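Participant: Sequence first, predicted coordinates after that:
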Amino acid sequence: MNHNGLTEAYLSNIATLLSDPEYLNSPRGFASRENVGVSFSIADPRRRLVPSAVRRSNIVFNLAEALWYFSGRSDLEYMTYYAPGIRRFVMGAEALTGTAYGPRMFNFGSTGLDQWASVADLLREDPDTKRAVLQIYQPEELVVQGNPDVACTIALQFLARNNCLNMVSYMRANDAYRGIVSDIFSFTFLQELMARELGLELGRYTHMVGSLHLYEPDVSPAQRLISVSRGDQALSDRMPVMPLGDQRPHIARLMQIEEDLRVDAIRIGASQLNALDLPEYWRQVVAILEFYRRRQYGATVNDDLLDYLHPLYRHMLMNRFPIFSTSPHVKVSA
């Protein structure tokens with residue numbers, strides 16, 4: 001199946017699982033509807049958001065997770081700020097293993113291989129290569145008794161064709177209602193980072209899944225999503241274009257700011273955003289993180305911050321955190 005953007009692909013796959021699942025099963029005791037061997041493409045990977053009023057997807061978490069991957073991190077402290085419920089996957093540890101794709105991309109195995117750099121170098125040397133693959137899944141994950149944190153992603157493949165960078169992700173399994181939204185956001189975000197580093201245009205994204213499933217507790221909200229989705233499709237879901245070139249210096253600076261925001265050490269208004277030594281694309285990400293800091297620490301969200309935000313980002317934030325939609329001058333506690 002070919003789709004223009006994530007919203008279209010998301011709704012199509014959920015509708016199929018609701019109306020015509022291949023299997024009804026209960027892996028590890030969790031009842032689900034399942035389709036096996038699912039594949040679809042997204043023509044415009046910058047259309048990586050789902051701005052549905054019903055789904056209320058979390059752009060803050062989407063960005064935080066993608067940046068966590070690209071920074072090569074596995075620490076739980078960072079992720080629990082954006083997703084407190086993630087602690088249930090770590091069995092008392094202070095770091096994530098299967099879910100943490102970053103160390104596998106930038107510091108893989110006993111050799112500490114930087115797969116990202118290797119793939120980028122290979123694509124520069126041989127743009128027609130079929131070998132530009134980032135391996136994520138590791139076989140030893142299966143032998144950890146009771147391990148809840150097993151990588152859902154097997155590999156990410158980059159294919160440079162006709163001056164465009166295409167990408168194919170290979171998933172052993174994917175939650176069609178919840179996980180797929182953040183996974184495709186992160187993977188297309190990585191695709192664009194690699195494309196900008198190599199000076200290529202952004203090509204097609206293809207998502208291949210062994211088991212695409214819908215858990216039974218999500219059936220009712222999924223049905224409601226499909227029933228009211230027509231109006232949502234009129235909303236823009238396309239993120240702005242990343243700056244050209246290697247984004248690592250900008251992201252390193254961004255992550256310094258993120259840490260200060262996460263511990264409530266700094267406060268950033270519109271004037272400070274305009275003065276940041278970052279391209280506007282990354283200033284917008286800082287603005288999103290500042291919005292979330294204010295929400296977490298019970299600070300005031302003023303007009304200047306809301307006005308600064310890109311309209312799509314503002315919509316996503318107000319949809320996810322509707323308490324702010326009644327008044328831009330409202331205080332809330334975490």
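Facilitator: In hand now; what should we look at?

Participant: drop to CA atoms for contacts and neighbour counts, all remaining ones
Facilitator: Will do.

Participant: what residue ranges in the stretch 1-150 of the chain score low on pLDDT?
Facilitator: 89-94, 145-146 (pLDDT under 70).

Participant: That one: helices as residue ranges?
Facilitator: Assigned by DSSP state H, counting those that start in this stretch, the stretch 1-150 of the chain shows helices spanning 6-19, 59-70, 76-82, 102-106, 115-125.

Participant: now for the third one, which elements pack on it?
Facilitator: With contacts taken as 3 or more Cα pairs under 8 Å, 6 or more residues apart in numbering; DSSP states H and E, helix 76-82 sits against helix 59-70.

Participant: ditto for the fourth one
Facilitator: Packing partners of helix 102-106 (3+ Cα pairs under 8 Å, 6+ apart): helix 59-70, helix 115-125, strand 133-135.

Participant: low-scoring stretches of the stretch 151-300 of the chain, by residue?
Facilitator: Scanning the stretch 151-300 of the chain for pLDDT under 70 picks out the ranges 230-235.

Participant: Tell me the strands beside the biggest strand by length in the chain, with direction?
Facilitator: Taking DSSP state E as the criterion, the chain has its longest strand at strand 201-215. Paired strands of strand 201-215, with direction, are strand 32-42 (antiparallel), strand 164-175 (parallel) (DSSP bridges).

Participant: between the ones you listed, which gets nearest to His310?
Facilitator: strand 32-42 (22.9 Å; Cα to Cα).

Participant: Check which residues of that closest one are buried.
Facilitator: 32-35, 38-39, 41-42 (16 or more other Cα atoms under 10 Å).

Participant: Over to stretch 281-297?
Facilitator: Neighbour counts over stretch 281-297 (16+ other Cα under 10 Å) mark 282-296 as buried.

Participant: sorry, back to before: do you know which of the helices of the stretch 1-150 of the chain lies nearest Ile226?
Facilitator: Nearest to Ile226, of the helices of the stretch 1-150 of the chain and by Cα to Cα, is helix 6-19 at 6.6 Å.

Participant: Show me the contact partners of that closest one.
Facilitator: 2-3, 33-35, 40, 42, 45, 47-51, 176-177, 180-181, 184, 213-214, 219, 222-223, 226, 229, 233, 237 (Cα atoms under 8 Å, 6 or more residues apart in numbering).

Participant: quick check, distance from stretch 152-163 to the centre of its chain.
Facilitator: 16 Å (Cα atoms, centre = their mean, to the nearest Å).

Participant: contacts for it?
Facilitator: 98-99, 123, 127-138, 165-174, 191, 200-201.

Participant: Report the buried members of the residues you listed.
Facilitator: 98-99, 123, 127, 132-137, 165-174, 191, 200-201.

Participant: coming back round to it: Met318 is nearest to which of the strands paired with strand 201-215?
Facilitator: That would be, of the strands paired with strand 201-215 and by Cα to Cα, strand 164-175, which comes in at 24.9 Å.

Participant: Give me the contacts around that closest one.
Facilitator: Here strand 164-175 makes contact (Cα under 8 Å, 6+ apart) with 152-160, 180, 187-188, 191, 195, 200-215.

Participant: Pull out the buried residues from the residues you listed.
Facilitator: 152-160, 180, 187-188, 191, 195, 200-215.
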